[in-house]
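Enquirer: quick one: sequence plus predicted model below, questions after.
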Amino acid sequence: MQSYGNFIGGEWRAASEIRPNLNPSDLNDRIGDYAESGTAEVALAAEAAAAAQPRWQATGIQTRADILDKIADEMFRRTDEIGRMVSREEGKTLAEGIGEAHRSAQIFRFFAGEAMRNMGETAASVRPDLAVEVTREPLGTVGLITPWNFQLGIPAWKIAPALAYGNCVVLKPSELTPGSACMLADIIARSGLPEGVFNLVMGSGATVGQALVDHPLIDGISFTGSVATGERIAASAVRRMARFQLEMGGKNPLVVLDDADLKIAVDCAAAAYTVSGQRCTSSTRIIVTSGIHDRFVAALAERVAAIKVGHAFDPETEMGPVVDEVQLQKDLRYIELGKSEGGRLVVGGELLDRPHRGHYLSPALFAETTNTMRINREEIFGPVTAVIRAGDYEEALALANDTTYGLSAGICTGSLKHARHFVRHAQAGMVMVNAPTGGADYHVPFGGRKRSSYGPREQGTYARDFYTCVKTAYIRP
Ligand code: TXE
């Protein structure tokens, strides 16, 4: 069994403790043993990053761009192999895993270009003998804490801008998906990046994650994960005035109006089961007006019942297993809760036997639910969605906004008037018209409102706001 240590200061270092990583599609497949680190390893990584910071910051933009391009090149070349690892340890289908590997490569390519476009501004001063210059400098050393559901894509969209704008990095991936992080670290290690600029420390959130958040040499924390952890990180980071950015959960509404194209609406709703429903942008509350309600529920139930659940590597598979036993039990508890709250389980929600022992659950669809039920208020993070009936557009909009979350919101309608109104009035960071609530582009801002996000947006040119500090200079010639 291969054992993987941490990548610190330009070298792989064996860890004293290890944690085995199992394939959720086949629990007999032990993927590897990965470092289970302590606070000492975090300190070493933070020190390595801080020591590398002055030199990396002074490195020219062409060199930074070339290194990011080189990372992208290798990722594009090895998309199938990387995607296989992504699917093997997370359980998403091979198509989803390879798609994520390809997207991650695109992100590195994009930020290679952005390194060259970090423009400043000049302004006249109110004092005529002075000139004003507004420039962006690197934030410094950043701690990146990432979840298991997009275990390659999320690190990519944090690491690439961090490096592009001259920051040094310590990555703490989810303990459920260290394999993809090691593969990415290995590619980054070969890119010509000076030692210490990128570091990887694996281990638990409570020990490694918390130590990273608390370390005085870490200038900023970018986190994606649950709201509860995000709150803890925010409180810790504020205590020492470190900059932080949080991307957290969602309870994303998809509104389906009477005049919607039924096929498009069903396609959009069924997209909630991609990655086994384990995506923060999935539409888990489907709010449907009365005129189309029954036809829509029947068509969606038929579609959901036909989803083929199986091993992530099986080409027939449309939905893989859920990520682990903890998540599986959480999904099952919510399915029972939904029934006991009075929701009608239309289809799915059952454990499935497959030739390989894994965390297989049939996709679940509830109908006749209300927005006050816990299944419609709390993030489940599994293949479970619920339909809520609404009288008209106004009621549907009010229900869509009646949530503590605000990541993504969608509407299916043929009415330009309602679509435009929804775009303006949905309380969400991202709004989709006749398109699934999940599935964001990489060159435009990603993020939400309310309890879904905190701090500047990620991705695209907006990523610069987190990874740089603005400096205003007044110059008398
Ligand atoms: O999340 P955590 P988990 C939600 C989803 C899921 C639930 C639990 O509802 O069922 O969270 O998943 C690190 N200081 N989402 O347990 O704990 C942790 O090691 C610093 C939604 O995986 O938030 C991991 O690297 N770091 C979300 C990362 O934080 C800490 C995606 C996320 O783990 C830490 C993932 C601490 N004290 C989960 N404790 C989305 N919406 O995209 C943990 N971590």
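Expert: Ah, there it is.
Enquirer: only C-alpha atoms from now on, for both contacts and neighbour counts.
Expert: Noted.
Enquirer: any idea of the mean pLDDT for the strand ranked longest in the chain?
Expert: Among the segments of the chain that qualify as a strand by DSSP state E, the longest is strand 26-35. Mean pLDDT, strand 26-35: 98.
Enquirer: repeat for stretch 436-444
Expert: On average, stretch 436-444 scores 96.
Enquirer: which parts of it are buried?
Expert: Judged by neighbour count using 16 or more other Cα atoms under 10 Å, the buried positions of stretch 436-444 are Pro436, Thr437, Gly438, Ala440, Tyr442, His443.
Enquirer: centre of the chain versus it, how much separation?
Expert: 11 Å (Cα atoms, centre = their mean, to the nearest Å).
Enquirer: what ranges do the strands span in the stretch 351-477 of the chain?
Expert: 364-369, 384-390, 405-406, 408-412, 430-433, 449-450, 453-454, 468-475 (DSSP state E, counting those that start in this stretch).
Enquirer: and the end-to-end length of stretch 71-90?
Expert: One end of stretch 71-90 sits 23 Å from the other (Cα to Cα, to the nearest Å).
Enquirer: on that earlier part again, which one of the strands of the stretch 351-477 of the chain is the most hemmed in?
Expert: strand 408-412 (a mean of 30; mean count of other Cα atoms under 10 Å).
Enquirer: packing partners of it?
Expert: For strand 408-412, the packing partners by 3 or more Cα pairs under 8 Å, 6 or more residues apart in numbering; DSSP states H and E come out as strand 252-256, helix 416-425, strand 430-433.
Enquirer: again, 7 Å this time
Expert: strand 252-256, strand 430-433 (3 or more Cα pairs under 7 Å, 6 or more residues apart in numbering; DSSP states H and E).
Enquirer: quick one: strands adjacent to the last one?
Expert: Sheet neighbours of strand 430-433, with direction, are listed as strand 408-412 (parallel) (DSSP bridges).
Enquirer: chain center to the partner strand: distance?
Expert: Centre to centre, stretch against its chain (Cα atoms, centre = their mean), the figure for strand 408-412 is 19 Å.
Enquirer: how far away is Gly120 from the ligand?
Expert: Distance, Gly120 to the ligand, using Cα to the nearest ligand atom, to the nearest Å: 33 Å.
Enquirer: next, the spatially closest residue to that residue that is not a sequence neighbour: phi, psi?
Expert: Nearest non-adjacent residue to Gly120, counting by Cα to Cα, 6 or more residues apart in numbering: Thr135, 4.5 Å away. Note on Thr135: its backbone torsions stand at phi -130, psi 170 [degrees, to the nearest 10].
Enquirer: which ones are touching Thr135?
Expert: Counting by Cα atoms under 7 Å, 6 or more residues apart in numbering, Thr135 makes contact with Gly120, Glu121, Val470, Lys471, Thr472.
Enquirer: same question, Leu212
Expert: Per Cα under 7 Å, 6+ apart, neighbours of Leu212: Val42, Gly143.
Enquirer: again, but for Ile264
Expert: Here Ile264 is in contact with Asn434 (Cα under 7 Å, 6+ apart).
Enquirer: quick check: buried residues in the helix or strand where it lies?
Expert: Using DSSP states H and E, Ile264 maps to helix 262-270. Residues of helix 262-270 classed as buried: Leu262, Ile264, Ala265, Val266, Cys268, Ala269, Ala270 (neighbour count, 16+ other Cα under 10 Å).
Enquirer: can you sort out which of those residues also neighbour the ligand?
Expert: Among the buried residues of helix 262-270, no residue lies close to the ligand (Cα under 6 Å from any ligand atom).
Enquirer: so which residues on the stretch 151-300 of the chain come close to the ligand?
Expert: Residues of the stretch 151-300 of the chain found near the ligand (Cα under 6 Å from any ligand atom) are 172-175, 204-206, 209-210, 225-226, 229, 233, 248-250, 279-280.
Enquirer: just the ones of those residues in strands?
Expert: Lys172.
Enquirer: could you give me the PyMOL syntax to select whichever of the residues of the stretch 151-300 of the chain next to the ligand are buried?
Expert: A single PyMOL command selects the buried members of these (16+ other Cα under 10 Å):
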select buried, resi 172+173+174+175+204+205+209+210+225+226+229+233+248+249+250+279+280
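Enquirer: distance of Asp267 relative to the ligand?
Expert: Where the ligand is concerned, Asp267 sits at a distance of 22 Å (Cα to the nearest ligand atom).
Enquirer: dump the residue contacts of the residue nearest to that residue when sequence neighbours are not counted.
Expert: Nearest residue to Asp267 in three dimensions, chain neighbours excluded: Pro436, at 7.8 Å (Cα to Cα, 6+ apart). Applying Cα under 7 Å, 6+ apart to Pro436 gives the contacts Cys268, Ala269, Ala271, Gly410.
Enquirer: kindly recompute the last result at 10 Å.
Expert: Pro436 makes contact with 254, 264-272, 281-283, 408-412 under the criterion Cα atoms under 10 Å, 6 or more residues apart in numbering.
Enquirer: for Ile335, give me its contacts.
Expert: 329, 341, 343, 345, 348-350, 364-366, 375, 380, 384-385.
Enquirer: setting aside sequence neighbours, what's the nearest residue to the residue in the chain sticking out farthest from the centre?
Expert: For the chain, the residue at maximal distance from the C-alpha centroid (Cα atoms, centre = their mean) is Asp129, at 48.4 Å. Take Asp129 and drop its neighbours on the chain: the residue closest to it by Cα to Cα, 6+ apart is Arg476, 6.2 Å away.
Enquirer: tell me, how many residues neighbour the one you found?
Expert: A count of nearby residues for Arg476, using other Cα atoms under 10 Å, gives 10.
Enquirer: and if you look at Asp259?
Expert: 13.
Enquirer: so it, which of the three states?
Expert: coil (DSSP: H, G, I helix; E, B strand; the rest coil).
Enquirer: what average pLDDT does the longest helix along the chain get?
Expert: Longest helix in the chain, counting residues (DSSP state H): helix 94-115. For helix 94-115, mean pLDDT rounds to 98.
Enquirer: got the buried residues for that helix?
Expert: Residues of helix 94-115 classed as buried: 94-115 (neighbour count, 16+ other Cα under 10 Å).
Enquirer: cool, stretch 21-31 as well?
Expert: Asn21, Leu22, Asn23, Pro24, Ser25, Asp26, Ile31.
Enquirer: again, but for stretch 130-144
Expert: Buried, per 16+ other Cα under 10 Å, within stretch 130-144: Ala131, Val132, Thr135, Arg136, Glu137, Pro138, Leu139, Gly140, Thr141, Val142, Gly143, Leu144.
Enquirer: good, we can wrap up now.
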